[in-house]
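Visitor: build me a structure from this.
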Amino acid sequence: MKTSESKAPLPLAGITVVSFEHAIAAPFATRQLADLGARVIKVERPGVGDFARNYDSRARGLASHFVWCNRSKESLTLNVKAPAAKEVLDRLLSQADVVVQNLAPGAAARLGVSEAELRPVHPRLILCDISGYGDDGPYRDKKAYDLMIQSEAGFVSITGSAETPSKAGLSIADIATGMYAYSGILTALIARGQSGKGMRVEVSMLEALTEWMGYPLYYTTDDAPPPMRTGASHATIFPYGPFPAGDGRVVLLGLQNEREWQVFCEQVLLDSSLLTDSRFATNAARATHRDALSSLIVETFAELTADAVLARLDTAGIANATVREMRDVWNHPQFVSHNRWNQIQTPAGMLPALRPPATLDSIDPRMDAVPALGEHTDAILAELGYDASTVNDWRAAGTI
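Guide: Numbers count the residues shown, from 1 in each chain. The predicted structure follows:
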């Protein structure tokens, strides 16, 4: 970690983001901006807030998704349908550089934060619209939760076991969308620095996840059969996946080329005769005869502990890993040795948070508190010029 004397200013310091966000995709995008110094003002419904606040209570009473995606933000509660809300939003947006929204289709236009409404008034504003399926087309108005997009993009069809298609264990469609929104906003900020003009960034969950599906899509060129569902094993490279050791633990390993196959036979399986077995002469052949080869590997590993297997693999230079539970990841030796966990403040007290994966030389990312619902409402309204009496009246009326 850099010392305070070596820290450079955060690159997005001075950039203000106003976000009408909920769930994961938009909050994940704006949290990346906050990490780099942007001021992110999260507009939330009074009394309820972002519905992700109530997904669960596993993080010491707070929702795990919310803690993950919302540090370093300011929470402004505002009933956007209230008569006073339009003036508040006008003042707020006049100071903004970026507006992000992942509201239901048509809601941004009704709220007055669409491209058509804002561009004539705020030509330098960057508008990021996140949706499930895009602005138009037959699927525009369909609800687009993460599982639905995983299914529509074909991900579920190639994931899981041969018998059971499966979803990913986390919200990969939301994460993909959030990262493309983040990179799109950064690109738009660079472009504005050159042209002086803002632009619209539009990201759909379906297109974001389908971009990640490039390999299986090209694999099925000209209506060829899709990759097999093979659980944690690779569909087209073998051996590449999990194998049990003699002590009941599971070891994952992966081979990428014929040189590694030779070393694997000689130094791990201790059976050079396999190198002349025509069933295993190429990766394609090994994939075709995966059951026979898997049996040979399992038979060898059954005589060894997982640690002994891992030692052989490390000595041979073969990629390997163990299946870690969540409690193991918190204490992963790499994270501990690199000091990758920070402590952040939350309404439930201090919680650990992983430092952003992109380490920038001389820049220490911002990792401030996760906001309580409406925590910054009074301060933001005072900054916009509203006096305490007005704020109190609005709170009594349910406007904030």
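Visitor: got a list of what R290 touches?
Guide: 233, 238-239 (Cβ atoms under 8 Å, 6 or more residues apart in numbering). Heads up, the C-betas are built off the backbone N, CA and C, glycines and all.
Visitor: name the nearest of these relative to I380.
Guide: S233 (51.5 Å; Cβ to Cβ).
Visitor: what residues of the least confident helix or strand in the chain by mean pLDDT count as buried?
Guide: In the chain, no helix or strand scores lower on mean pLDDT, DSSP states H and E than helix 107-111, which sits at a mean of 90. Applying a neighbour-count criterion of 16 or more other Cβ atoms under 10 Å, one finds 108, 111 buried in helix 107-111.
Visitor: burial of the residue nearest to S75 when sequence neighbours are not counted, as a residue count?
Guide: Distance criterion Cβ to Cβ, 6 or more residues apart in numbering; nearest residue to S75, sequence neighbours excluded, is P371 at 3.9 Å. The number of residues packed near P371 is 23, by other Cβ atoms under 10 Å.
Visitor: what's the closest of the contacts of R290 to T346?
Guide: The closest of those, once distances to T346 are taken by Cβ to Cβ, is S233, at 38.8 Å.
Visitor: do you have the strands of this protein handy? List them.
Guide: Counting by DSSP state E, one finds strands in the chain at the ranges 16-20, 39-44, 73-77, 98-101, 126-131, 200-204, 240-244, 250-254, 319-322, 341-346, 349-354.
Visitor: compare those and give me the one nearest S294.
Guide: strand 240-244 (7.4 Å).
Visitor: and the closest one, which strands flank it?
Guide: Strand 240-244 sits in its sheet next to strand 250-254 (antiparallel), going by DSSP bridges.
Visitor: give me the domain ranges for the chain.
Guide: Split into domains by automatic domain parsing, the chain comes to 4-212+355-397, 240-322.
Visitor: okay, those domains, which one's buried deepest?
Guide: domain 4-212+355-397 (a mean of 18; mean count of other Cβ atoms under 10 Å).
Visitor: about what we covered before: how about the domains of the chain in CSV, adding distance to R229?
Guide: Shown next, in CSV, are the domains of the chain (distance: least, Cβ to Cβ, whole Å):
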stretch, distance to R229
domain 4-212+355-397, 5
domain 240-322, 12
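Visitor: quick one, which of the ones you listed gets closest to H338.
Guide: Closest among the domains of the chain, once you apply Cβ to Cβ, is domain 4-212+355-397, at 8.7 Å.
Visitor: sorry, back to before: would you agree the residue nearest to S75 is in contact with K73?
Guide: Yes - with contacts defined as Cβ atoms under 8 Å, P371 counts as touching K73 at a distance of 5.7 Å.
Visitor: give me the common contacts of those two.
Guide: Contacts common to P371 and K73, judged by Cβ under 8 Å, 6+ apart, are K42.
Visitor: which residues are in contact with the residue nearest to I297 when sequence neighbours are not counted?
Guide: Nearest residue to I297 in three dimensions, chain neighbours excluded: F243, at 5.4 Å (Cβ to Cβ, 6+ apart). Contact partners of F243, counting by Cβ under 8 Å, 6+ apart, are 250-253, 294, 297-298, 301, 309.
Visitor: now for those residues: which two are most distant?
Guide: S294 and V309 (14.4 Å).
Visitor: quick one: the residue nearest to S75 and G317, what's the gap?
Guide: Separation of P371 from G317 (Cβ to Cβ, to the nearest Å): 48 Å.
Visitor: equivalent analysis for S166, please.
Guide: 32 Å.
Visitor: tell me where the stretch 251-400 of the chain has helices.
Guide: 258-263, 283-288, 290-301, 306-316, 326-330, 333-338, 377-383, 388-397 (DSSP state H, counting those that start in this stretch).
Visitor: please read off the pLDDT at A104 from the model.
Guide: We note a pLDDT of 88 for A104 in this prediction.
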